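Using only what follows, build the 3D model:
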Amino acid sequence: QQQTTQILVVGPSITMESMSRILKAKRALPVLFVAAIVTLLVEDALKTPVLNRSLRRQSSYAVVQTNAPQMHVPATLDLPSQRSLSLNLGGGDCKWTPPTYHVPDDIDFYKTVIAGFPSGDKRMIFLQMEALTGWPAKDEWDFEHIGMSNHPFIKANYPHHEGIWGWEDEADQVVMMVRNIRKSMVEYHDILWDIGYAKTWEDATLFLDRLYSERPPLSDFLVWRDERVLDEVDWYGWFIDYYMEGGLLRDIFTHKKTTKHHWDMLMMPTVYTRAELDYDLIVGADTVVEDAYDPHCATVTEGCAPVAVISAENLRDYTRGKAETALIGNVLKRDSRIGDYVIEQETWDCIWSELIENGKGLKTVYDRPTPEAEYNFSAEMLEAMINELSRLITKYSASPWNTKITANKVVTLLTEHRTLIQEELDDLLAGRRVLTEKDFLGPKERERRRNLTSENKEGATPTTDQEGEKDYSRYFFAMDQKLLEVRRIDTRKSLYKKRKEAQDAAKNGTF
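Just a heads-up that it's a prediction; the model follows:
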């Protein structure tokens, strides 16, 4: 009785006189029992919301009937999920919120690589994943230079030479982003020129002038650029083959199966020239090559073959975009270790609207203040793209690929892209598009123009195969090496700055 009095005195509204009356009542014991239960529940709720713990079956005081009707409980009530998660407002409505950028190390995520040919469109996809789950993505270079972390989404250009396998063995599944090859080539030019060469041209030439007596004119750079972009057409198809075939080693330019030795050389394009990487020279034209796979792919739980193919252009499309978001959501729901964090499906259309229509989240290539520079391509370069797309379409339309959902998606997307490029080629041949010197003319068109210029000069004879012109190929090769070094130094500086900002934010509690 004395112990009972100590418990009841805790409640300020219960006096000694009222306690005495309760004890004299016949139902004193039930009241005391209820008071004790309430005290325990309040104490539990102070540590973790009782609604959360009981509805999510995390409370030791909740008796859950397994055959009882299931109540809808928002994911934000999960104890591990109480963070910056997009909100389900009910009835299909939502509110986008940014992800939590500090990722705990003790959560077992099922991690996704977002692989794609270099462009800004992979950001479109990982923004969807961040909005659907509340967890952030991380770039392959961040893993390499800042260090390993527990981020569930990994943005990758690998095995393209602009990428690196920096995430070691942290990946579980791959999704592949496929973008229109023509747009990819324009954006690759932007990497070469706007991001790399234009901004660092003076620094690079100061370095290279020590090795070469004169700097090549802009016209020679444009010739070299066109040849590089033609090479990238081969890289584009090779990239798709790499992931579709689960990391099977192939030559970039012949698409033949190749050896590990040759593959390792291909992974260093600024060390070896294209001539030095020639397949017949390194492997041998008549060599029988057995299947060999990139060892990195063995570290991915489901291998390098994509579990889904995603189109950033579809994602931007107001008719097909919501279906693409649903595809991303379903990919994440494949495993509960990330699927449990995905917001309810009824909000997925709203999440798409928040990101695409309302422009929430990080800026993407589509948010540039000025429109993307537009370039025309010569017939030679458009035909090279059409030929590469046709090769891929033929390959992945045939057995056994035509029974795979991912291969069918690749064929559908590439067929649409080929149609658009064919229409552009038709316009060019009909004279509805006019080429300028700064367009992507390609070697044949530039040679034709040089010959026309020579013919128009009095007494001049047309040149053939750049007869009498200086060869600046070694200059551009050396410049490419130097500028790659500059870009990587700049990348490291940027990453170290981000790491410092993250550390400061952690100290100040401003994540």
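
what about residue 376, neighbour count?
17 (other Cβ atoms under 10 Å). Yep, even glycine has a C-beta here, placed from its N, CA and C like the rest.

List the contacts of it.
With contact taken as Cβ atoms under 8 Å, 6 or more residues apart in numbering, residue 376 is in contact with 428, 433-436, 439-440.

Keep only those of the residues you listed that are in helices.
Among the contacts of residue 376, DSSP state H puts residue 428 in helices.

Can you select the buried ones from the contacts of residue 376 in PyMOL?
Selection command for PyMOL covering only the buried members of the contacts of residue 376, criterion 16 or more other Cβ atoms under 10 Å:
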select buried, resi 428+435+439+440
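
Pick out the most distant pair among the contacts of residue 376.
434 and 440 (13.7 Å; Cβ to Cβ).

hmm, back to that, save the contacts of residue 376 as TSV, and put in distance to residue 184 too.
Compiled in TSV, the contacts of residue 376 are given as follows (distance: Cβ to Cβ, whole Å):
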residue	distance to residue 184
428	19
433	20
434	24
435	20
436	21
439	17
440	13
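
could the contacts of residue 376 go into TSV alongside pLDDT and distance to residue 351?
Below are the contacts of residue 376 laid out as TSV (pLDDT from 0 to 100; distance: Cβ to Cβ, whole Å):
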residue	pLDDT	distance to residue 351
428	95	40
433	93	39
434	92	43
435	93	43
436	90	42
439	88	39
440	89	37
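
Which single one of the contacts of residue 376 is nearest to residue 341?
residue 440 (43.7 Å).

Beta-bridge partners for the closest one, please?
Beta-bridge partners for residue 440, by DSSP bridges, are residue 377.

ok, it - contacts?
185, 189, 225-226, 229, 375-378, 381.

between those residues, which is nearest residue 392?
Using Cβ to Cβ, those come closest to residue 392 at residue 185, 15.3 Å.

Surely residue 136 is in contact with residue 154?
No. Counting by Cβ atoms under 8 Å, residue 154 is not a contact partner of residue 136; they are 10.9 Å apart.

what ranges do the helices span in the stretch 201-350 of the chain?
218-244, 260-266, 279-282, 312-316, 321-332, 336-339, 348-352 (DSSP state H, counting those that start in this stretch).

Buried deepest among these, which one?
helix 348-352 (a mean of 23; mean count of other Cβ atoms under 10 Å).

before we move on, back to that, dump the contacts of residue 440 to CSV, plus distance to residue 172 and pLDDT.
Listed next are the contacts of residue 440 as CSV, based on distance: Cβ to Cβ, whole Å; pLDDT from 0 to 100:
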residue, distance to residue 172, pLDDT
185, 32, 85
189, 35, 67
225, 39, 79
226, 40, 85
229, 35, 85
375, 39, 83
376, 43, 91
377, 39, 93
378, 44, 94
381, 39, 94
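
thinking again about what came up before, pick out whichever of residue 136 and residue 154 has more residues nearby.
In terms of neighbours (other Cβ under 10 Å), residue 154 is the more surrounded of residue 136 and residue 154; the figures are 24 against 19.

Who are the contact partners of the more buried one?
111-114, 137-140, 143, 167, 170-171.

Equivalent analysis for residue 331, please.
Residue 331 neighbours (Cβ under 8 Å, 6+ apart): 112, 173, 175, 307-308.

Next: residue 358.
Taking Cβ under 8 Å, 6+ apart, one finds residue 96 in contact with residue 358.

In terms of pLDDT, where does it sit?
Residue 358 is assigned a predicted lDDT (pLDDT) of 91.

quick one: pLDDT of the nearest residue to residue 152 once chain neighbours are set aside?
Leaving aside its chain neighbours, residue 152 sits nearest to residue 109 (3.9 Å; criterion: Cβ to Cβ, 6 or more residues apart in numbering). We have a pLDDT of 98 for residue 109.

State the distance from residue 109 to residue 328.
16 Å (Cβ to Cβ, to the nearest Å).

repeat for residue 308
For residue 308, the distance to residue 328 - Cβ to Cβ - is 8 Å.

what is in contact with the two at once?
residue 175.

what number of residues lie near the closest residue to residue 263 other than its chain neighbours?
Nearest residue to residue 263, sequence neighbours excluded (Cβ to Cβ, 6+ apart): residue 249, at 4.5 Å. By the measure other Cβ under 10 Å, the count of residues near residue 249 is 21.

Check what pLDDT residue 249 gets.
98.

right, and it touches residue 294 too?
Yes. Counting by Cβ under 8 Å, residue 249 touches residue 294, with 6.4 Å between them.

Spit out the residues that contact these two alike.
Joint contacts of residue 249 and residue 294 (Cβ under 8 Å, 6+ apart) are residue 263.

for the stretch 151-300 of the chain, which spans come out with low pLDDT?
The model of the stretch 151-300 of the chain has pLDDT under 70 over residues 188-218, 220-221.

Look up how far residue 261 lies from the residue lying closest to residue 159 once chain neighbours are set aside.
Spatial nearest neighbour of residue 159, excluding adjacent residues (Cβ to Cβ, 6+ apart): residue 242 at 5.7 Å. Residue 242 sits at a distance of 17 Å from residue 261 (criterion: Cβ to Cβ).

Shouldn't the residue nearest to residue 152 be within a strand?
No. Using DSSP: H, G, I helix; E, B strand; the rest coil, the assignment for residue 109 is coil, not a strand.

what about it, distance to residue 125?
17 Å.

quick one: pLDDT of residue 506?
56.

How about residue 447?
Reported pLDDT for residue 447: 86.

For stretch 224-244, C-alpha coordinates in CSV please.
Output in CSV follows, covering the C-alpha atoms of stretch 224-244 (Å, rounded to 0.1, in the frame of the first residue of the first chain):
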residue,chain,number,x,y,z
TRP,A,224,40.1,17.2,-84.8
ARG,A,225,36.9,17.7,-82.8
ASP,A,226,34.8,16.2,-85.6
GLU,A,227,37.0,13.1,-85.7
ARG,A,228,36.7,12.8,-81.9
VAL,A,229,32.9,13.1,-82.1
LEU,A,230,32.9,10.4,-84.8
ASP,A,231,34.9,8.2,-82.4
GLU,A,232,32.3,8.9,-79.7
VAL,A,233,29.6,7.5,-82.0
ASP,A,234,31.4,4.2,-81.6
TRP,A,235,31.8,4.7,-77.9
TYR,A,236,28.0,5.3,-77.6
GLY,A,237,27.1,1.9,-79.0
TRP,A,238,30.0,0.2,-77.2
PHE,A,239,28.7,1.6,-73.9
ILE,A,240,25.2,0.1,-74.4
ASP,A,241,26.7,-3.2,-75.4
TYR,A,242,28.9,-3.2,-72.2
TYR,A,243,25.9,-3.1,-69.9
MET,A,244,23.4,-5.1,-71.9
